[in-house]
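Provided below are the primary sequence and the corresponding predicted coordinates.
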Amino acid sequence: MRSSTLTVTEAVRHFSDYVSRVAYRNESFVLCRGKKAVAELRPVPMGGRLGDLPEILRSLPHLSESDAAAFAADIEESRDALPDEELRDPWAS
């Protein structure tokens, strides 16, 4: 997303308009005082719906069989390298 530069004075004079542009057009603005950037006005990041997760996962690139096997072997090797420590109860006094 590309940001437009805007003076603080201009933002104050037309604040409602700029907030609407951020909210409805997904625009963002860098606010400047003099020639120095001092703030940013941008949309709040929104999360996706849980129901969209299966489609998102399907759209991701997949590992080949050999890459998946190598990854699994790396995970096992890393687990084996960890020291054997007894789990402690964090609620015990």
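Here it is on my side, so go on. Numbers count the residues shown, from 1 in each chain.

which helices and strands sit right next to the lengthiest helix in the chain?
Ranked by number of residues, the top helix in the chain under DSSP state H is helix 65-81. Counting contacts by 3 or more Cβ pairs under 8 Å, 6 or more residues apart in numbering; DSSP states H and E, helix 65-81 packs against no other helix or strand. For the C-beta atoms, the positions are set from N, CA and C on the backbone; glycine is no exception.

From the chain's centroid, how far away is that helix?
In terms of Cα atoms, centre = their mean, to the nearest Å, the centre of helix 65-81 is set 28 Å apart from its chain centre.

ok, now which ones touch Val22?
Val22 makes contact with 28-29, 41-43, according to Cβ atoms under 8 Å, 6 or more residues apart in numbering.

Repeat the analysis, applying 7 Å as the threshold.
Val22 sits next to 28, 41-43 when contact means Cβ atoms under 7 Å, 6 or more residues apart in numbering.

Also Ser3?
Ser3 is in contact with 28-30, 40, counting by Cβ under 7 Å, 6+ apart.

Looking at those residues, spot the one nearest Glu10.
Phe29 (9.3 Å; Cβ to Cβ).

Who does whatever helix or strand that closest one lives in pair with, and is each partner parallel or antiparallel?
Using DSSP states H and E, Phe29 sits within strand 28-33. Here strand 28-33 is paired, per DSSP bridges, with strand 3-7 (parallel), strand 36-41 (antiparallel).

closest one to Asp84 among these?
The nearest among these, by Cβ to Cβ, is strand 36-41 at 49.0 Å.

who's in contact with that closest one?
Contacts for strand 36-41 (Cβ under 7 Å, 6+ apart): 3, 8, 11, 18, 22, 28-32.

circling back to that earlier point, give me the contacts around the longest helix of the chain.
The contact list for helix 65-81 (Cβ under 7 Å, 6+ apart) reads Leu63.

Thanks a lot, catch you later.
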